[in-house]
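Peer 1: When you get a sec, could you give me coordinates for this:
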Amino acid sequence: MKSKIILIVLMLMGVFIPATSAQDIEVPNWTIDWVEDLSSPTLLEPTDDKNSSDWWDKGGIITFEFYIENTRPTDLNIGLEFEADHEDEGEFNWVEVDLDESVAVGGNSNKTFEVTLEAGSLNDIAEGTIHGLRIIAQEDLQLPSTPQTIEADTKVPRVAIMMADIIDEDVPLLAGTETEIKVELTNFGNKNDKLKLTETESPFTIGGCPQLSTQIDDSLSQAVLPGSSAEGMFVAKASSSHPTTECVITLKAISDGGASVSDSLSLEVRSSSSSNAGSSSGSGGNDTTPAGGDDSSTDDGTKGNFLPSISAWLTIFIISWVAIIRRDDILT
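Peer 2: The predicted structure follows:
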């Protein structure tokens, strides 16, 4: 009796096992997906903006790899279409995409492809801004087919570009005095930025003038908004014994965002002795009396405070007139 029951059970298992296995068999098809995990936004890589003539403009570039797996025994032709928020939102000056419009995948094979996106003007887009992109793949058939889509997000990186312009007022600095020198700071990046300054290390170096010193003002480390400028200042001070010479003041600093900032200024310093000699020469120029005592500024025929000399004709007239008078006196 038991043997009959076991035989019946085995027969039943023999009937249902093949049916269950048939359900697990996959129908040959094709799939598309990213090579790497792109569940998190990927940073664009900053590059020089190829469509801009300004050195500070930055573009962004990114390349993704994707694959198409074909489990069919025959070749597969897939049409590809690209969509991106980078174009729809109009934030970038330009967007270019490098993607094949159609690809072929052999039977029972897996093939990898690339899509590259380039965009301009990262400077104008806030750091951390996210944009989506999609690749729509559809089998190239005469009959309608269901497309497959893969998506990814890009993220705008920080762009840190600052420029410093030391304003040269072309005014000499006298020994023993100090002067305020202005610095214009311009932020070409996409986030607030400022110079990274410390109390122990000065960003200024001075060439050829050991008796010249600088003092930083707090305004030099102020935050500058993206796309705007701010004015800072520092003080240059010359010792009282400073000689007359040209001094080169160089600013080199790093911003919070990692931008390199530099500029230089040629400053003329004049010694106190040269300034005194200049004033003495200036006051002496007002004294036009020659060394011999004569006043060269007097009119012709005049010397000092004496009366003007009598002309020759007047002298002859007076002598003749006196002679006539005496003659009349003698005759009378």
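Peer 1: T74 should be in a strand, yeah?
Peer 2: No: checked against DSSP: H, G, I helix; E, B strand; the rest coil, T74 lies outside a strand; its state is coil.
Peer 1: give me every residue that touches it.
Peer 2: G107 (CB atoms under 8 Å, 6 or more residues apart in numbering). The way it works is simple: take the backbone N, C-alpha and C, and place the C-beta from them, glycine included.
Peer 1: What segments of the stretch 201-332 of the chain are strands?
Peer 2: 204-207, 212-216, 228-238, 245-254, 260-270 (DSSP state E, counting those that start in this stretch).
Peer 1: ok, and what's touching the third one?
Peer 2: This means strand 228-238. So strand 228-238 is in contact with 173-187, 204, 209, 211-217, 219-222, 224, 249, 267, 269, going by CB under 8 Å, 6+ apart.
Peer 1: Which among the strands of the stretch 201-332 of the chain is found nearest to N123?
Peer 2: Nearest to N123 among the strands of the stretch 201-332 of the chain is strand 228-238 (12.1 Å), distances taken as CB to CB.
Peer 1: Tell me where the model's unsure across the stretch 151-300 of the chain.
Peer 2: For the stretch 151-300 of the chain, residues meeting the criterion pLDDT under 70 lie at 274-300.
Peer 1: Break down it into its helices, ranges please.
Peer 2: Assigned by DSSP state H, counting those that start in this stretch, the helices in the stretch 151-300 of the chain fall at 272-284.
Peer 1: And for the stretch 1-150 of the chain?
Peer 2: For the stretch 1-150 of the chain, the helices defined by DSSP H, counting those that start in this stretch cover 2-24, 85-88.
Peer 1: before we move on, the earlier item: write the PyMOL selection for whichever of the contacts of strand 228-238 are buried.
Peer 2: Isolation of the buried members of the contacts of strand 228-238 (16 or more other CB atoms under 10 Å) is achieved in PyMOL through the command below:
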select buried, resi 173+174+175+181+183+185+186+187+204+209+211+212+214+216+220+221+224+249+267+269
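Peer 1: so where's the longest strand in this structure?
Peer 2: The longest strand of the chain (DSSP state E) is strand 58-70.
Peer 1: mind listing what's buried in that strand?
Peer 2: Per 16+ other CB under 10 Å, strand 58-70 contains these buried residues: K58, G59, G60, I62, F64, F66, I68, N70.
Peer 1: Looking at the residues you listed, which is nearest I166?
Peer 2: K58 (24.8 Å).
Peer 1: Against T214, how distant is K237?
Peer 2: To T214, K237 is 8 Å away according to CB to CB, to the nearest Å.
Peer 1: Over to E45?
Peer 2: To T214, E45 is 38 Å away according to CB to CB.
Peer 1: quick one on the thing from earlier: mean pLDDT for the helices of the stretch 1-150 of the chain: which is lowest?
Peer 2: Among the helices of the stretch 1-150 of the chain, helix 2-24 has the lowest mean pLDDT, at a mean of 48.
Peer 1: circling back to that earlier point, between the strands of the stretch 201-332 of the chain, which one is closest to E151.
Peer 2: Per CB to CB, nearest to E151 of those: strand 228-238, 36.1 Å.
Peer 1: Give me the distance between the closest one and the centre of its chain.
Peer 2: 18 Å (CA atoms, centre = their mean, to the nearest Å).
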